[in-house]
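S.K.: test case, fold it:
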Amino acid sequence: MLTRTEFAALAMSAAGACMICLTPVTASARNQPGDIVVSPAGTMEQWQQQTTTRLDRALARAYSSNGNTGNVIVQIAFTRGPDGRPANPRFVNSEGSWLERSMARQAVMSLSNLDSVPVTQPGEPTFLANLIFAEDAHILAQLRDRLAVMEHARIAANDERRSYIALGS
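M.R.: Take a look at the predicted model:
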């Protein structure tokens, strides 16, 4: 018969083993056929969070110098240039005036850490910056809900958009 302490230690060991087994991983092909690289999904999530924080800061700087905006979601797709900076930006949706679009583009173009993205898939990744402009917290919550629906649709799409690396709200 196990004592309470022994049972707790055994349960903790089993829980730890289960957590290791349940840790999500991503697998993708390398440049050579048949070569698969497996890495924790958390690495990409951490990079996305850090890059989103940088994007938010750049957007805040652009906002403080430009004034009032509307309540919109601006989406910009872009690739990575040879210098690790954004290249080939293009607007994905038609929302936003020239002011919001200009601020969003300025924030995206200020990123400088794209060379550190933990991608193991062949070819150059495409990024998608989702930038929300909102007058207050209530509208922000509504736009975040709408963006979540938009992101689910993008990921479910049967085209190249599903592989974009999303940044932003």
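S.K.: for the protein, which segments count as strands?
M.R.: Assigned by DSSP state E, the chain shows strands spanning 25-29, 36-40, 72-80, 86-91, 126-133, 165-168.
S.K.: could you dump those strands to TSV with mean neighbour count?
M.R.: All C-beta spots, glycine's among them, are computed from the backbone N, C-alpha and C. Converted to TSV, these look like this (neighbours: other CB atoms under 10 Å):
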stretch	mean neighbour count
strand 25-29	12
strand 36-40	11
strand 72-80	21
strand 86-91	14
strand 126-133	22
strand 165-168	20
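S.K.: of those, which shows the lowest average pLDDT?
M.R.: With a mean of 31, strand 25-29 has the lowest mean pLDDT of the strands of the chain.
S.K.: in this structure, where is pLDDT below threshold?
M.R.: 1-41, 64-67, 120-122 (pLDDT under 70).
S.K.: hmm, back to that, between the strands of the chain, which gets nearest to residue 146?
M.R.: strand 72-80 (6.8 Å; CB to CB).
S.K.: now do that closest one: distance to the chain's middle.
M.R.: Centroid separation for strand 72-80 versus its chain: 11 Å, with CA atoms, centre = their mean, to the nearest Å.
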